[in-house]
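Participant: Okay, sequence plus prediction incoming.
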Amino acid sequence: MNLTDSIQFLKGVGPKSAERYQQLGIFTVSDLLTYFPFRYDDFAAKPIFELIDGEKTTIVGTVVTPANVSYYGARRNRLVFKIKQGEAVISVSFFNQPYLQNKVELDAEIAIYGKWDAKKMSITGMKILAQVENSFQPVYHVMQGIKQSALVTLLQAVFDAGVGELITENLPESLLQKYRLVDRKTAVHDMHFPIDESAHHQALRRMKFEELFYFQLKLQALRLKDKALAFGLTIKIDEQLLAVKISRLPFTLTGAQSQSLREILADMASPYHMNRLLQGDVGSGKTVVASLAMYAAVQAGFQAALMVPTEILANQHYESLQELFPEFSVGLLTGGMKTAERRLLLAGLEDGSIQMVTGTHALIQDAVNYQSLGLVITDEQHRFGVKQRRVFREKGQNPDVLMMTATPIPRTLAITAFGDMDVSIINELPAGRKPITTRWVKHEQLTPSILPWVADEVHKGAQVYFISPLIEESEMIDLKNATDLFEELTAFFGDKARVALLHGRLKNAEKDQIMLAFKAKKYDVLVSTTVIEVGVNVPNATIMVIMDADRFGLSQLHQLRGRVGRGEKKSYTILVANPKSDGGKRRMQIMTETQNGFVLAEEDLKMRGSGEIFGTRQSGLPEFSVADIVNDYPILEVAREEAVAIYQDPQWSEKPENQLLVASLTEDDVFD
Ligand SMILES: Nc1ncnc2c1ncn2[C@@H]1O[C@H](COP(=O)(O)OP(=O)(O)OP(=O)(O)O)[C@@H](O)[C@H]1O
């Protein structure tokens, strides 16, 4: 038998079951060996004083009463008897397994696996164990037509036939020693049939390291390949002009902004392809950095495009680019544009008369052609997905690509999801920003205390956002909530505040109008659905009230809160919520405790899992078989360090000690 043999030829596997195994991804003997259990049941017997209420466990004792079956209902029955362990008497019941009666013998020793009830000193049995059974049993994900026991038998047979001996090592000896990892042969065996918990732990640790290390090696390979193959543009930066532009900004750049800008410009100036992520907490000033990079590209004779997730944002950027760069012709492209306008804009992009453009995903549609696209910036890139970012890159002459995100991505995720990218981080807020005070209040407090306080603040010149409760399942109810809140507030404030309403159902022109009017202080209060969640910049707005805040995830709350505290005035966020779940309470609590987006993102990740933050499919976030990027973060970091270290030597793939790696990577087509 060989590792590459099809499992169809194994004893006990017919063509039918082979097909079923294939649906589990098991084609060869090797696939079978690396089809690991997702958990283990520990059937080891425990003395009853060690047991916790509700625990599943094995209890061994002597049968002291005969087993009785009583029937009730149509077909239900219950088997009852008592056993004794030391001086303790334990009641045992089995439901709907009357045939077990034969296995219960008075005065004989018996081992029962089931659920322990500490109060009643009883166990609800699931099975009666043969005493010889290995106490640590693997449990696999199976499908209809394949039984747990059949899979275990098959694996056992494969190991018995000595196939386990054919498993070869794929990690260098130096790493095995450095991290005291068990060899692959032992690990694979012990993943299925560990003799005890510690053997399993060691096997798992080794397999996780292997998985994450290879993943990181591939990322490094891809990153180099991307740089080497995809020859980018050389964009000649006019440092002097840029310096003048920077000096004319109404503020000085923060250290982190300057540093990020330098990194971006260096990428642009190099002949390699830029593949960089610009990451910064809400309000840290990413847009300014991006705009300056666009400026440098246009000065060098290229076009620059900025793609954002919503039309409101596209408009906002359009305004600010025009204001910053009156010397250029700036375009705006959104889905809701009139045909004539659109045609004009497309012609301008094609003949090069429009130098800078901002817009939504309309920017990457087929009909859009650029004369000399040199730089593409995408904002909130995880909303676009990895595929779209490729499409954009393929437009024009392989432009440099910069991705921006205001979602603070925990380091764990950044290196897994974006490990093939360079990352610039703005980890500093502009000087003069004051911390945002966040309060969590109950609904009952809204009318008596929050609204009068808001009215007072409005009187002193504050502008306020009210976010209506989010109903993701229904746009209609979502809209109704916003409208109700708008009416309630209009009635409450009367002539004390001018209230406006913004929601997703409005026409784009209407949305723009409302945003512009709010910015121009024609309104004091803006009631909105989450359409303003990201990017909206009205520095004079200083109060954010979020209704039913517990319906939102932490990252979303953080983004919403980021709409205030964008100027020098003291800002507040009020979370109005009566959460029912512990998770909801915890989220409200954390929001009042920290304003650090990275801390919040880590918490969010822990509470919700990575899939929900990014939507696995969209983000291209890899799925692992044994590793878990949240909980195995320490292993991930080490694996990354080691992978980077290997690639630092340009000749690494020729060294004898790395041949195992080269072989494995070649098998996975990484070197194509
Ligand atoms: N160095 C600075 N000093 C003072 N103010 C700044 C500085 N940089 C940016 N700002 C201002 O701070 C506000 C937020 O900046 P910007 O919109 O660029 O942030 P952002 O990181 O894109 O925010 P978000 O992620 O929330 O969209 C803007 O009003 C901007 O003019």
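Facilitator: In hand now; what should we look at? Numbering: from 1, shown residues only.

Participant: Now do the same contact list for Met207.
Facilitator: Met207 makes contact with Phe36, Ala187, Val188, Met191, Val626 under the criterion Cβ atoms under 8 Å, 6 or more residues apart in numbering. Where C-beta positions appear, they are placed from N, C-alpha and C, glycine not excepted.

Participant: Could you dump the residues you listed into CSV with neighbour count added?
Facilitator: Listed next are these as CSV, based on neighbours: other Cβ atoms under 10 Å:
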residue, neighbour count
Phe36, 16
Ala187, 22
Val188, 20
Met191, 22
Val626, 19
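
Participant: Specify which member of these is nearest to the ligand.
Facilitator: In terms of Cβ to the nearest ligand atom, no member of those lies closer to the ligand than Val626, at 35.8 Å.

Participant: Narrow the contacts of Met207 to those in helices?
Facilitator: The subset of the contacts of Met207 located in helices under the criterion DSSP state H comprises Ala187, Val188, Met191.

Participant: near the ligand too, which of those?
Facilitator: Among the ones in helices among the contacts of Met207, no residue lies close to the ligand (Cβ under 6 Å from any ligand atom).

Participant: what's the distance between Pro656 and Leu181?
Facilitator: The gap separating Pro656 from Leu181 is 20 Å, by Cβ to Cβ, to the nearest Å.

Participant: ditto for Asp107
Facilitator: Looking at Asp107 against Leu181, where the rule is Cβ to Cβ, the gap reads 50 Å.

Participant: quick revisit: tell me the least confident of the contacts of Met207?
Facilitator: For the contacts of Met207, the least confident position by pLDDT is Val626, scoring 84.

Participant: Nearest residue to it in space, please, no chain neighbours.
Facilitator: Excluding its sequence neighbours, the residue lying closest to Val626 (Cβ to Cβ, 6 or more residues apart in numbering) is Met207, at 4.7 Å.

Participant: ok, now His558?
Facilitator: Spatially, and ignoring its direct neighbours in sequence, His558 is nearest to Leu600 (5.0 Å; Cβ to Cβ, 6+ apart).

Participant: For that neighbour, grab phi and psi.
Facilitator: Comment: the main-chain dihedrals of Leu600 come out as phi -60, psi -40, following degrees, to the nearest 10.

Participant: Next, count neighbours for it.
Facilitator: 24 (other Cβ atoms under 10 Å).

Participant: ditto for the one 4 residues further on
Facilitator: Each residue near Asp604 was counted by other Cβ under 10 Å, and the total is 25.

Participant: From what I see, it and Gln556 are in contact.
Facilitator: No: judged on Cβ atoms under 8 Å, Asp604 makes no contact with Gln556 at a distance of 9.0 Å.

Participant: From the ligand, how far out is Phe95?
Facilitator: For Phe95, the distance to the ligand equals 57 Å [Cβ to the nearest ligand atom, to the nearest Å].

Participant: hang on, Lys575 in a helix?
Facilitator: Rather than Lys, residue 575 is Leu. No: if the criterion is DSSP: H, G, I helix; E, B strand; the rest coil, then Leu575 is strand and not within a helix.

Participant: My guess is it contacts Met544. True?
Facilitator: No: with contacts counted by Cβ under 8 Å, Leu575 stays clear of Met544, the gap being 9.2 Å.

Participant: Let me see the mean pLDDT of the helix or strand where the residue nearest to Val626 lies.
Facilitator: With elements taken from DSSP states H and E, the one containing Met207 is helix 197-229. Helix 197-229 comes out with an average pLDDT of 83.
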